[in-house]
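S.K.: Fold the stuff below for me.
(one chain, ligands or ions: 1)
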Amino acid sequence: MNRKFALLFASMLLPFFAAAQDATSEKYVGTSKEALPYPQIINVSARTPISLDGWWKVIPDQYESGYYNYRLVPFATKQTYFADLSFSKDRTRLVEYDFDMADSLMVPGDWNTQKEKFYYYEGTIWYRKKFDYSPKQGRRVFLYFGGANYETIVGVNGRKIGKHTGGFTPFNFEITGIVKDGENSVIAKVDNRRRPEGVPTINTDWWNYGGITRNVYIIETPETFIRDYAVQLKKGTDNVISGWVQLDGGQPAQDIVIEIADLRRKHKVRTDENGFATFEFKAAPELWSPENPRLYEVSVSCETDSIKDSIGFRTVEVSGAKILINGKETYLKGVSIHEEKPFSPSGRACGEQDAELILGWAKEMGCNFVRLAHYPHNEAMVRTAERMGIMVWSEIPVYWTIHWTDPGTYSNARNQLEEMITRDKNRANVIIWSVANETPRNPERLDFLKRLISRAKEMDGTRLVAAAMEKTYLDKTTVTVNDELIPYSDVVSFNEYLGWYDGMPDKCRTVKWTFDFEKPVIITEFGAGAKSGLHGDRNERFTEEHQAWLYEEQIKMFSTIPGLSGTTPWILKDFRSPKRPLRGIQDDFNRKGLVSSEGQKKAAFHVMQSWYGSMDD
Ligand code: GCB
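M.R.: Residues are numbered from 1 along each chain as shown. So this is what the prediction gives:
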C-alpha cells in the first residue's frame, strides 16, 4: 500500500476508532443499560393526547450500523442515528443516513404488510417523527407508545431516553424539559429479532410482525397527576365499590374525590405522602353483563387533576366446576383471536374499527367471550369488547418453550404481565388473566408459572388466573388433564386438537374424559385447517367439509366432558404463520380460521354458530 493510500485508509477508519473510544465513556453503553420506561400512565385516551400517528420516516438497519461500530460496540449517542444528522443539508460531510431522504411507514402499523420488500423482514428499523410543540408552564410531558414489537429504544431531540422490551404492552417516558418550543423529533429504534431468551422465544406459530404497531401519543399532565387507579367491585360483594388511586408528582398528599354521578355517589379520601390512597364505599350498580354491558362514567379528581373513565361492575367467581358471572352460572361461548386485521393482507390490527369488525364476527357466531391470544391485544380491542358485551381472556406470550431458568426471561414475563394488568384492570369484561400457553411440564416451568400466578393475584385479587395447558392420555381411550399447575389455576383450561393432530374427527367418539378435581373446564383450543372454498370429501384434510365435520364431532363430544364451562375454538380468522408452508393451501397462513384471511366464513363457522345459538334456547 503506498503512503497516500495508507493515510486515506487511516482517515477512513478514524471515525470508527473515535466512536469506539467514545462509547466507553457513554453513560448508556450497550443495549442492557438504557433507562427503563416511566411507570405506566393509564387511560391515556381520556387525557386528550396529541397524536403522533401518521407517516414516520424509516431507515431499515439489519446490521444495526446506526447503533454499533464495526467492533459491535455501541456508539456514543451522537454517533448513532439518534443524532438525526442530515446528508442532504451538507453533502461535503460523510453521513451515511438521512431520515429526510428515507422511506415512510404508517404508524400505527406493522412494517411487514406495508411494503412488499418488508414482507419477511425481521431486524431493526429506525423511525423518526417530527412534530411542533410548545411546552406549557406547570405541565409535564410524556411520550406514550401503545406498543412496538419487540425492543424499542427511544430518543428525543438527539438524546437517548430509554428502552422497552416486549411487543404488546404500552410504555411511556417523561420528556418534560427535553421537548422544546418549536420543532421536535422523536426517534425510535424498533428491533423485532426473535431471541432465544425472549418472551415469546424464537419459536411461535404466528408471524412476528415488527414495528410501531400501536398509537403514539404526547400526553400532557399537571405537575401532580392521577397516574393510576383501580375502581371495581370489592371481591365477594356486589354492592361495595373499592379501589385505590396513585398520584404522581411533587404534591402527593391531596384530597381525592371518586364520583359516579349515575349512582349518586361522591366519595372522598386523602392520599398519603406517597400519593396513594385506598377507598371503599357502598353502591348498588346495575351489573355489567354480556346481555347488559352497562358502563358508568366514573370521575377521579384531586386538587390538581381529574380524569374520567367508563367503568362497569360485575362479579366473577368459581363455585365447584362452575363459572359464575354476577352469581349466575355462565357458559363461556368463546373463540380465540390473534391480533390481525380482518381482511387481506392481514397485518397487526389496531383501533376501534378493526376491533368492531373482528368482534362483530365473534358476536355473529354467538360468542359472549373471546380468548385474546397469545399476547395482550391493543387497548381498543378490550374496550370495544367491553362495550359490545364480550368477556375477555387476556394472556401474555409465555408460549411453548421459553427459558425457564433465566432470571431475565422471568423478569421480562413478569413485566409484561404487570403492564397488561395495569392497563386493563378496570375493564369489567376481562375475567381471566392467563400466564402461559402450552408450556412443557417440568419443575422449572412450574416454579416460573406459580410465581407469575401469584403476582397476578397480588395485583388483582378479583379475577380468575389461568394458563392454557395440554391433555394427557391415561390409556388409549381415557383422556385427562393432570398438569401440576392445576392446583394454582382457577380453571382447568387446555388445548386438545382431537381429530386434527390426534386422529381423524371421529376419534372424538372413542374417548372418555375424566378429571380428578372439581374446577371449571375450558377448552382453550381445538380446531382443524381448511382453505376457504376448497371442497371435497369430509375425510380430506384442508377441505371446508373436513373442518366442519371436526366441529360437529367435537360438539357431540363436549356433552360428555364433566364441568365443561367454556370453549374457545382455534381460531376466528386465518392468520399468518411461517410454520405453514403448504403451497396453494396454506401459503404461510395457519388455515384453522372459521373465517378466511379474505373475510369469508367457512362452513365450520356456521356449525359453531348454530351450536352457540342452541344454548340460548
Ligand atoms: C396450538 C397453539 C397455537 C397454534 C395451534 C395450531 O396449540 O397454541 O398457537 O397456532 O396450536 O394451529 O397448531
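S.K.: what helix or strand does the most centrally placed residue in the chain sit in?
M.R.: The chain has Pro376 as the residue nearest its centroid, 2.2 Å off, counting by Cα atoms, centre = their mean. For Pro376, there is no helix or strand it lies in under DSSP states H and E.
S.K.: Do you know the pLDDT at it?
M.R.: If you check Pro376, the pLDDT there is 98.
S.K.: which residues sit in contact with it?
M.R.: By Cβ atoms under 8 Å, 6 or more residues apart in numbering, the contact set of Pro376 is Phe168, Thr169, Ser394, Glu395, Ile396, Gln416, Glu419, Met420, Arg423, Asp424. Backbone N, C-alpha and C define where each C-beta goes, glycine included.
S.K.: Now with 7 Å, please.
M.R.: By Cβ atoms under 7 Å, 6 or more residues apart in numbering, the contact set of Pro376 is Phe168, Thr169, Ser394, Ile396, Met420.
S.K.: Pull the number of nearby residues for the last one.
M.R.: As a burial measure, Met420 scores 26 neighbours (other Cβ atoms under 10 Å).
S.K.: elements contacting the strand or helix carrying Ala456?
M.R.: Element membership for Ala456 (DSSP H and E) is helix 443-459. For helix 443-459, the elements it packs on are helix 407-424, strand 430-437, strand 464-470, judged by 3 or more Cβ pairs under 7 Å, 6 or more residues apart in numbering; DSSP states H and E.
S.K.: Which stretch among the ones you listed approaches the ligand most closely?
M.R.: strand 430-437 (5.1 Å; Cβ to the nearest ligand atom).
S.K.: nearest to Ser344, of the contacts of Pro376?
M.R.: Phe168 (22.8 Å; Cβ to Cβ).
S.K.: what about that closest one, neighbour count?
M.R.: Neighbours of Phe168 (other Cβ under 10 Å): 27.
S.K.: Enumerate the residues of this protein near the ligand.
M.R.: Residues of the chain lying near the ligand by Cβ under 6 Å from any ligand atom: Asp205, His374, Asn437, Glu438, Asn495, Glu525, Trp570, Asn590, Lys592.
S.K.: Going by neighbour count, which of the residues you listed comes out on top?
M.R.: Lys592 (28 neighbours).
S.K.: So it is in contact with Ser532, correct?
M.R.: No. Taking contacts as Cβ atoms under 7 Å, Lys592 lies outside contact range of Ser532: 11.7 Å.
S.K.: three-state assignment of the residue of the chain found nearest the ligand?
M.R.: The minimum distance from the chain to the ligand, using Cβ to the nearest ligand atom, falls at Asp205 (3.6 Å). When classified by DSSP: H, G, I helix; E, B strand; the rest coil, Asp205 comes out as coil.
S.K.: So it versus Asn437, what's the distance?
M.R.: 10 Å (Cβ to Cβ, to the nearest Å).
S.K.: Check Gly146 too.
M.R.: 23 Å.
S.K.: helix or strand for Arg128, which one?
M.R.: strand 124-133.
S.K.: tell me how far that strand is from the chain's mean position?
M.R.: 23 Å (Cα atoms, centre = their mean, to the nearest Å).
S.K.: so what strands line up beside that strand?
M.R.: strand 54-60 (antiparallel), strand 182-191 (antiparallel) (DSSP bridges).
S.K.: Would you reformat those strands as JSON lines and include distance to Tyr612?
M.R.: JSON lines is the format used below for those (distance: least, Cβ to Cβ, whole Å):
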{"stretch": "strand 54-60", "distance to Tyr612": "40"}
{"stretch": "strand 182-191", "distance to Tyr612": "39"}
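S.K.: Any chance of JSON lines for these, columns mean neighbour count and mean pLDDT?
M.R.: As requested, these are exported to JSON lines (neighbours: other Cβ atoms under 10 Å; pLDDT from 0 to 100):
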{"stretch": "strand 54-60", "mean neighbour count": "19", "mean pLDDT": "98"}
{"stretch": "strand 182-191", "mean neighbour count": "20", "mean pLDDT": "98"}
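S.K.: Cool, thanks, talk later.
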